[in-house]
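> just the structure for this:
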Amino acid sequence: MGDFFKNLVYANEDIITFNSGIPGFEQNKQFVIVSIPEYAPFEWLVCIDGSKLRFAIINPLLFVPDYDPKIIKEQLDDLAVDAPEDLLLYVIVTIRENPLESTANLVGPIILNRRKKTGKQIIIDDDRYTTREPILRKN
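Predicted coordinates:
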């Protein structure tokens, strides 16, 4: 899969700017979202600044339908949101060889303004969620 990102083709309008970067990677500001059909529902947030930085992401509502993080309005100010439907919600995933061990960080949702092409990882103060939430549950 590593080769897939090597010759990544994207348009300027695909670039999402994280003005503050992502915690731990503050210097990396520009990303694109890459979907690879055979890996759906996972997508990749790929940094385009020359580094090899990329994150597996997923819409958390696909596996936690009642996910409702406590986000303070001020945390969204720099995304300049005009309408709620402009927002996209993702969480970063750690994919393991054993799918049952794959986890998602529900404490640090990634919020994107799809109209303004800006993004931000928000760290929430909400003890209902963990940074290592199982994506698949054993039945």
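
> mind listing the strands for this protein?
Assigned by DSSP state E, the chain shows strands spanning 16-17, 30-35, 43-47, 54-58, 87-94, 103-104, 110-113, 118-121, 133-134.

> deepest of these, which one?
strand 103-104 (a mean of 24; mean count of other Cβ atoms under 10 Å). Any C-beta I mention is one placed from the backbone N, CA and C, and that applies to glycine too.

> from residue 87, how far out is residue 7?
Distance of residue 7 to residue 87, given as Cβ to Cβ, to the nearest Å: 31 Å.

> picking up where we left off before, for residue 64, find the nearest of the strands of the chain.
strand 133-134 (7.0 Å; Cβ to Cβ).

> where does the prediction get shaky in the chain?
In the predicted model of the chain, residues 1-4, 138-139 satisfy pLDDT under 70.

> excluding sequence neighbours, find me the nearest residue to residue 124.
Closest residue to residue 124 apart from its sequence neighbours, by Cβ to Cβ, 6 or more residues apart in numbering: residue 69 at 4.5 Å.

> still on that earlier bit, any chance of the strands of the chain in CSV, with distance to residue 76 too?
CSV is the format used below for these (distance: least, Cβ to Cβ, whole Å):
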stretch, distance to residue 76
strand 16-17, 15
strand 30-35, 18
strand 43-47, 18
strand 54-58, 18
strand 87-94, 8
strand 103-104, 21
strand 110-113, 7
strand 118-121, 8
strand 133-134, 22
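
> quick one: which of those is nearest residue 74?
When these are compared by Cβ to Cβ, strand 118-121 sits nearest residue 74, at 11.8 Å.

> if we can go back for a sec, looking at the strands of the chain, which is nearest to residue 127?
Among the strands of the chain, strand 133-134 comes nearest to residue 127, with 12.6 Å by Cβ to Cβ.
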